[in-house]
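Enquirer: this is the structure alone, sequence omitted:
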């Protein structure tokens, strides 16, 4: 029977030893699989469709520039998330990867409305 040292702090479950030679890296490998290629392709597809439709609108490229701004904001946000939480993305992070472009698009259009109203 193992003796418990009262002066030693208890071990966190994520740092426990993994039996049968699976190695302690099993958790981080599973977390890395969370950033799936399909989600990146889905985001690129959304943005491609939006940019194609915006490019067809005859308004001197205003809608295209707004959509392009939203695309750039979305990819900057994704880059920050991947850099900061590469091994442990939350559900909100993965949701932003897949559907965050629409949030960026709404914010970009809100800025457009404000800028148009400020124009003399």
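Expert: Sure, I can see it. Everything quoted here is computed from the prediction, not taken from an experiment.
Enquirer: tell me the spatial nearest neighbour of the residue nearest the centre of the chain, not counting adjacent residues.
Expert: Central residue of the chain (CA atoms, centre = their mean): residue 97, 3.4 Å from the mean position. Distances taken as CB to CB, 6 or more residues apart in numbering place residue 39 nearest to residue 97, at 5.0 Å, with adjacent residues excluded. From N, CA and C alone the C-beta is placed, and that goes for glycine too.
Enquirer: the residue nearest to the centre of the chain and residue 44: what is the separation?
Expert: 11 Å (CB to CB, to the nearest Å).
Enquirer: now swap in residue 96 and tell me
Expert: 15 Å.
Enquirer: quick check: closest non-adjacent residue to residue 55.
Expert: Residue 55's closest residue in space is residue 64 (CB to CB, 6+ apart), at 5.1 Å.
Enquirer: shouldn't that neighbour be in contact with residue 52?
Expert: No. Under the criterion of CB atoms under 8 Å, residue 64 is not in contact with residue 52, lying 9.6 Å apart.
Enquirer: okay, those two: which has more neighbours?
Expert: residue 64 (18 against 11; other CB atoms under 10 Å).
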